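[1] Sequence and predicted structure are below.
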Amino acid sequence: MKNIFIIGAGQLGSRHLQALKSSNNSLNVFIIDPSSESLNIAKGRYESMPGIDNNTVSYSKSLNDISCNNTIDIVIIATASNVRANVTRDLLDKFEVKTIVFEKILFQKREDYSIILELLKSKNVKSYVNCPMRMMSFYKEIQSSFKGTKFTYMVSGSQYGLVTNLIHYIDHMAFLNQSIDYTCNANLLENNIFESKRKGFYELNGTFNVNFKNGTQGIFSCESKGNLPGVVQAFNENVHFISRESEGKVLISRIENDWKWEEIEFNIPYQSELTATLVEDILMNDSCSLPLYEESVKLHLPYLDSILELINSNTQNKFNHYPFT
């Protein structure tokens, strides 16, 4: 049986666990979280999933409680960003691991990005970051229409967690653009930093801009009030798409069709659906569609640095870390 660790049994971790119920492989799954309540919720969500269960699942509060002398095939680290680096160190100190999938944002301390990179290299661990727009059918297939072109990419909506979600959109731009070389401008963000839905972490609203080396630009806007639905759109000289994610629809027009709009169905899959594919890809092919850790680090740092500089120049409390998750 393949050995799978899920570290962090919160909202995302429990969804990753749910997905494994439908695995084509028989898995030996360990889910780890210091909270008994989170473990119980994760267990309930897993057991509520339909289908035949071919897995062995155990629930533990600490890595120290796990007895497993075999190599761990996949570890999904779904903790909050403030503890993820220490969790990674502890994991690799105790176990031999083949592949790690990190949730984002990766870490709160800038130095951890390079320290963990060197640790992963020294332990010969393949590692990816869970920016799954690359895995979603339409967002993946549309790459052929944007590759090698200069385009504009726009996201708008209200109260959607701009800072924590920026990495998803920047990563998708990098995927479409086949480039990770970009600069950013945080000056149009609102000055007032506020506590996010997760206690101890913060968010911002306003507009954030990025510019890639080839002239491709991204504009990300988040309103502080109201229920403005989230919309993702991008266009170049040949194609324009507007993704209305909440409605499960995409409008697309192309120059070869005289720019006539076509509406297509596109439902955003749940994480519990995506993880099944992700785990199967890694186990069968020793790879997956997610960005590699080293690539994602280069996409994380420019935007996090620019936002940290902005908030430190506009608030009395000075942060020496990225206070986001």
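    The structure has been received and is ready for your questions.
[2] Name the nearest residue to Phe5, ignoring sequence neighbours.
    Nearest non-adjacent residue to Phe5, counting by C-beta to C-beta, 6 or more residues apart in numbering: Val75, 4.3 Å away. Using the backbone N, CA and C atoms, a C-beta is placed for each residue, glycine as well.
[3] That neighbour and Leu274: what is the separation?
    17 Å (C-beta to C-beta, to the nearest Å).
[4] And these two? Which one has more around it.
    More crowded of Val75 and Leu274, by other C-beta atoms under 10 Å: Val75, with 26 against 20.
[5] Adjacent strands (with direction) for the helix or strand containing that one?
    Here Val75 sits within strand 72-77, counting by DSSP states H and E. Here strand 72-77 has these sheet partners by DSSP bridges: strand 2-7 (parallel), strand 97-102 (parallel).
[6] any chance of the ones you listed in a markdown table, with mean neighbour count too?
    Formatted as a markdown table, those follow (neighbours: other C-beta atoms under 10 Å):
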| stretch | mean neighbour count |
| --- | --- |
| strand 2-7 | 23 |
| strand 97-102 | 22 |
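[7] Can I get those in CSV including mean pLDDT?
    As requested, those are exported to CSV (pLDDT from 0 to 100):
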stretch, mean pLDDT
strand 2-7, 97
strand 97-102, 98
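[8] Take these and write them to a markdown table, including distance to Leu162.
    Rendered in a markdown table, the data for the strands paired with strand 72-77 read as follows (distance: least, C-beta to C-beta, whole Å):
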| stretch | distance to Leu162 |
| --- | --- |
| strand 2-7 | 27 |
| strand 97-102 | 21 |
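[9] these two touch, right, Gln159 and Cys222?
    Yes - with contact defined as C-beta atoms under 8 Å, Gln159 and Cys222 form a contacting pair (7.1 Å).
[10] nearest to Phe324, of the strands paired with strand 72-77?
    The closest of those to Phe324 is strand 97-102. By C-beta to C-beta, the value is 14.8 Å.
[11] and the helix or strand just after that closest one, what other elements does it pack with?
    Later in the chain than strand 97-102, the nearest helix or strand by DSSP H and E is helix 110-122. Counting contacts by 3 or more C-beta pairs under 8 Å, 6 or more residues apart in numbering; DSSP states H and E, helix 110-122 packs against helix 81-94, helix 293-314.
[12] Those helices: which one's closest to Asp181?
    Taking C-beta to C-beta, helix 293-314 is the member of those nearest to Asp181, at 8.3 Å.
[13] relative to helix 110-122, how tilted is that closest one?
    Between helix 293-314 and helix 110-122, the angle comes out at 170 degrees (axes from the mean of the first three to the mean of the last three C-alpha atoms, to 10 degrees).
[14] Contact partners for the nearest residue to Pro34 once chain neighbours are set aside?
    Spatial nearest neighbour of Pro34, excluding adjacent residues (C-beta to C-beta, 6+ apart): Lys61 at 5.2 Å. By C-beta atoms under 8 Å, 6 or more residues apart in numbering, Lys61 lies in contact with Ile32, Asp33, Pro34, Ser35, Ser36, Leu39.
[15] Report the buried members of those.
    Buried members of the contacts of Lys61, counted by 16 or more other C-beta atoms under 10 Å: Ile32, Asp33, Leu39.
[16] check contacts around the last one.
    It stands for Leu39. Ala9, Ile31, Asp33, Tyr59, Lys61 are the contacts of Leu39 under C-beta under 8 Å, 6+ apart.
[17] Now, those residues that are in helices?
    Among the contacts of Leu39, DSSP state H puts none in helices.
[18] What about those residues, which are in strands?
    Among those, the residues falling in strands (DSSP state E) are Ile31, Tyr59.
[19] mind putting the contacts of Leu39 in TSV, pLDDT and distance to Gly218 included?
    Formatted as TSV, the contacts of Leu39 follow (pLDDT from 0 to 100; distance: C-beta to C-beta, whole Å):
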residue	pLDDT	distance to Gly218
Ala9	97	34
Ile31	98	36
Asp33	98	35
Tyr59	97	41
Lys61	98	41
